[in-house]
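Visitor: only geometry, no sequence info:
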């Protein structure tokens with residue numbers, strides 16, 4: 001009887017300690033989000049961000065499928081990334097040549113045909129790279145080699161996604177000192 005009571009008290013104490021610990025981590029994340037990285041990179045939704053979220057969603061599913069060993073899902077999601085990349089060009093640079101409000105993000109004049117062509121060529125270059133890399137991920141996955149499939153996804157992220165983001169996005173802030181110390 002005494003043993004059961006002692007176990008209940010111990011379990012309650014552990015629960016309280018765990019709950020307090022988890023809520024403290026949650027509070028720290030909110031503070032970090034308000035003051036740190038998140039606040040410097042959150043902005044209003046724009047067509048570019050919306051389409052990038054679609055591609056990001058498919059890319060996340062590719063990684064999840066790789067981790068699950070689901071080659072069919074990798075192929076499906078890889079082709080979805082390629083299709084989304086091609087849709088970006090059609091949405092942002094329609095046949096009539098008239099660009100929308102999103103073009104203001106570039107800092108160039110949407111009425112200047114030369115500016116539009118310059119941006120269009122950059123978009124074409126990166127979107128073709130993404131589409132080709134995504135198709136390569138699908139083709140690699142057809143061989144049912146999960147390690148090579150992961151390597152092709154990694155190459156897509158490095159050579160297509162991150163390369164474009166380095167030129168098109170604002171610079172990320174420096175890591176906080178405490179993250180540098182811990183290797184973050």
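Guide: Nice, I can see it. Given the structure is predicted, the values throughout are model-derived calculations rather than measurements.
Visitor: now the element after the helix or strand of the chain with the lowest mean pLDDT, going C-ward?
Guide: Lowest on mean pLDDT, DSSP states H and E among the helices and strands of the chain sits helix 37-41, with a mean of 43. For helix 37-41, the following helix or strand on the C-terminal side (DSSP states H and E) is helix 47-68.
Visitor: show me the domain layout of this protein.
Guide: 2-39, 46-168 (automatic domain parsing).
Visitor: what's the least confident stretch among these?
Guide: Mean pLDDT per stretch puts domain 2-39 lowest among the domains of the chain, at a mean of 54.
Visitor: and for residue 157, the neighbour number?
Guide: Residue 157: 17 surrounding residues under other C-beta atoms under 10 Å. Quick note: C-beta positions are derived from backbone N, CA and C, even for glycine.
Visitor: could you do residue 92 as well?
Guide: 19.
Visitor: on that earlier part again, looking at the domains of the chain, which is closest to residue 180?
Guide: domain 2-39 (13.4 Å; C-beta to C-beta).
Visitor: any idea how far residue 157 lies from residue 163?
Guide: The gap separating residue 157 from residue 163 is 10 Å, by C-beta to C-beta, to the nearest Å.
Visitor: kindly report the same for residue 68.
Guide: Relative to residue 163, residue 68 is positioned 28 Å away (C-beta to C-beta).
Visitor: can you map out the helices along this protein?
Guide: Ranges of helices within the chain are 2-35, 37-41, 47-68, 71-92, 113-141, 146-156, 163-168, 177-182, based on DSSP state H.
Visitor: check which residues of stretch 104-118 are buried.
Guide: 106, 110, 115-116 (16 or more other C-beta atoms under 10 Å).
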